[in-house]
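> Sharing a sequence plus its predicted fold:
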Amino acid sequence: MLNFRLLHVLISSHSLRTYLGVTATLGLGVLIDLVLFLKLSSLLGPWIVMALLSIIVAIGIFVMFRSLNILRQRLIQTIESGKFIPMMFSRYLSTLAATFLLIIPGLLNSAAGLILLIPNMGEKFGSIIARLTGIDWQESYEFLRLEHMARNQLDDFA
């Protein structure tokens, strides 16, 4: 039998509403992408639109490997130096989201991914994502710093 009290607790959860909102937004984006794809296919031809989407996905894969590697190295350098820079974490999160959006074929996804690669927009979006999902950058920094120190100590003993 359905427990209505449990259902009420699950529905009133802030994180559940956030994730459902994100999922609904992504679903709406897919529908709009489909309409745009059909319109562009009728104007330009389906092969040209498919080639355009393939090029965008290839760019997304390149950005994923290149940008995330550079940002990861910068993040590790700031952790090693003992400096806490919350915008570095926000930038990394937004670049991760941008590569995710660029790899998924779609015109709206690609436009959103390219917008997230703009530094100021990316930092603001990363901060918004962190706030909505309850991520504390200070706590993340401390965890990564402790993990880095523990790894260095293990390397010293080896």
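Great, that's in hand.

> Show me what the host helix or strand of residue 18 is packed against.
Take DSSP states H and E as the rule and residue 18 turns out to sit in helix 14-44. Other helices and strands packing on helix 14-44, by 3 or more Cβ pairs under 8 Å, 6 or more residues apart in numbering; DSSP states H and E, are helix 46-81, helix 107-116, helix 119-133. In this view, the C-beta of every residue, glycine as well, is placed from N, C-alpha and C.

> Any idea which of those helices gets closest to residue 34?
Closest of the helices and strands packed on helix 14-44 to residue 34 is helix 107-116, at 9.8 Å (criterion: Cβ to Cβ).

> Tell me which other helices or strands the closest one touches.
If you count contacts as 3+ Cβ pairs under 8 Å, 6+ apart, helix 107-116 packs onto helix 14-44, helix 46-81, helix 86-103, helix 119-133.

> Against which helices or strands is the last one packed?
The contact analysis (3+ Cβ pairs under 8 Å, 6+ apart) places helix 119-133 against helix 14-44, helix 86-103, helix 107-116.

> Make CSV out of those helices and add distance to residue 65, mean pLDDT and mean neighbour count.
Below are the helices and strands packed on helix 119-133 laid out as CSV (distance: least, Cβ to Cβ, whole Å; pLDDT from 0 to 100; neighbours: other Cβ atoms under 10 Å):
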stretch, distance to residue 65, mean pLDDT, mean neighbour count
helix 14-44, 24, 82, 12
helix 86-103, 9, 84, 21
helix 107-116, 15, 83, 20
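
> Quick check: the residue sitting nearest the centre point of the chain vs residue 135, distance?
The centre of the chain sits closest to residue 97, judged by Cα atoms, centre = their mean, with a distance of 1.8 Å. Using Cβ to Cβ, to the nearest Å, residue 97 is found at 13 Å from residue 135.

> which neighbours do these two share?
Residues touching both residue 97 and residue 135 (Cβ atoms under 8 Å, 6 or more residues apart in numbering): residue 129.

> Distance check, residue 34 against residue 113.
Residue 34 sits 18 Å away from residue 113, going by Cβ to Cβ.

> what pLDDT, on average, does stretch 66-75 get?
Regarding stretch 66-75, the rounded mean pLDDT is 85.

> Just the buried positions in that stretch, please.
67, 71, 75 (16 or more other Cβ atoms under 10 Å).
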